[in-house]
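Enquirer: Provide a 3D model corresponding to the input given below.
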Amino acid sequence: MGWGEIFALTSALLWALAVILMRRVGETLPPFELNLFKNSLGMALVLPTIFLMGDMQLPPYSLSEYAIVLVSGAIGIALADTWYLKALNLMGASRTGILASLFSPFVILLSTIFLGERMAMWQWLGFFLVISGVLMVTWRVKHTALEAADIKKGAIYGTAAMFMMALGIVMVKEILETRPLLWTMELRLAGGVAGMLFYIVAQRQWQSVKRNFQKPQPWPMIIIASALAAYVALIFWLAGYKMIDASVASILNETNVVFIILLAWLMLGEQITRRKLAGIVLTVGGVLVMAIHV
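Expert: This next block holds a predicted model:
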């Protein structure tokens, strides 16, 4: 195993750890506020990284490219991440981790619609397997400490989050291929933060947000979780994609589902049921089928 594979697996493990910590943090800090802090910290960390790499000049984005990147951030970071955190709070880390496998199929599906790419029969089979795995852990849940209604509501939030996240990525796919990646990510984070601030102003939520931040919070855990999710895991993710084929990196990144379920069992006490194991097999198998034939 080379460094590229190690970096890709490390990225998956770090993201899984961030999800577990955010699940803990979500008990005291609401999803919106947590997402706002996470994205703001990500912006603060990515910018000096760009300067350290010597890429201090802003690339010549066109006005349309600026608009697309910023809107992509508002959709794929501000909205999608907030909904993902809501799903995390409602149905736990392991189920949310399995449901997050919808991201890759949604990206491929939206690419066929907006970018003219075509899905082969094998990819449709993979999509069906992923959907089956998600339904396995969210439909007709019985004998669980969580309310079935909460799990179904979480599934709706999580599915919508993955769709919006995929839509945000498909929107900037061509820009990511032609412009510096870190600068584009910084602008997407800026779009996400700006979208959230606009929502606060439009809905006059300043006092509510301020009160939530002023309440006693586990700030060390919040900072660690945010830094892992919005910066450290991202660095390893980029390193993996840089050193090995994108198809191989994407497959290794999907191991975060397994890591999330194992860490949720070890750190949160969530049970590993046969239903969850079946969901893992179906979703990971579906992603592998789709990735192999991309």
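Enquirer: chain center to stretch 93-112: distance?
Expert: 9 Å (Cα atoms, centre = their mean, to the nearest Å).
Enquirer: can you list the residues that contact the strand or helix carrying Met196?
Expert: When secondary structure is defined by DSSP states H and E, Met196 falls within helix 181-202. Residues outside helix 181-202 that contact it (Cβ atoms under 8 Å, 6 or more residues apart in numbering) are 32, 35-36, 39-40, 42-43, 46-47, 49-50, 53, 55, 58-59, 61, 66, 69-74, 76-79, 81-82, 168, 172, 175-176, 205-206, 209, 230, 234, 238. No exception for glycine: its C-beta is placed from N, CA and C like everyone else's.
Enquirer: In helices, which of these fall?
Expert: Applying DSSP state H to the contacts of helix 181-202, the entries found in helices are 32, 35-36, 39-40, 42-43, 46-47, 49-50, 66, 69-73, 81-82, 168, 175-176, 206, 209, 234, 238.
Enquirer: List buried residues within the contacts of helix 181-202.
Expert: Among the contacts of helix 181-202, the ones that count as buried by 16 or more other Cβ atoms under 10 Å are 32, 35-36, 39-40, 42-43, 46, 50, 61, 69-74, 76-79, 81-82, 168, 172, 175-176, 209, 230, 234, 238.
Enquirer: Tell me the confidence at the residue nearest to the spatial centre of the chain?
Expert: Centroid-nearest residue in the chain: Asp81, 6.6 Å away (criterion: Cα atoms, centre = their mean). Asp81 carries a pLDDT value of 94.
Enquirer: Not including adjacent chain positions, what is the nearest residue to Arg23?
Expert: Excluding the flanking residues, the one nearest Arg23 by Cβ to Cβ, 6 or more residues apart in numbering is Ala93, at 4.7 Å.
Enquirer: Look at that neighbour and say how many residues are nearby.
Expert: Counted with other Cβ atoms under 10 Å, residues neighbouring Ala93 total 25.
Enquirer: how much space between it and Tyr199?
Expert: Going from Ala93 to Tyr199 by Cβ to Cβ, to the nearest Å gives 26 Å.
Enquirer: go on, Leu102?
Expert: As judged by Cβ to Cβ, Leu102 and Tyr199 stand 25 Å apart.
Enquirer: Which one of those two is surrounded by more residues?
Expert: With neighbours defined as other Cβ under 10 Å, Leu102 and Tyr199 compare such that Leu102 has more, 25 against 17.
Enquirer: my read: the more buried one touches Val130, true?
Expert: Yes: look at Leu102 against Val130 with Cβ atoms under 8 Å: they come within range, at 6.2 Å.
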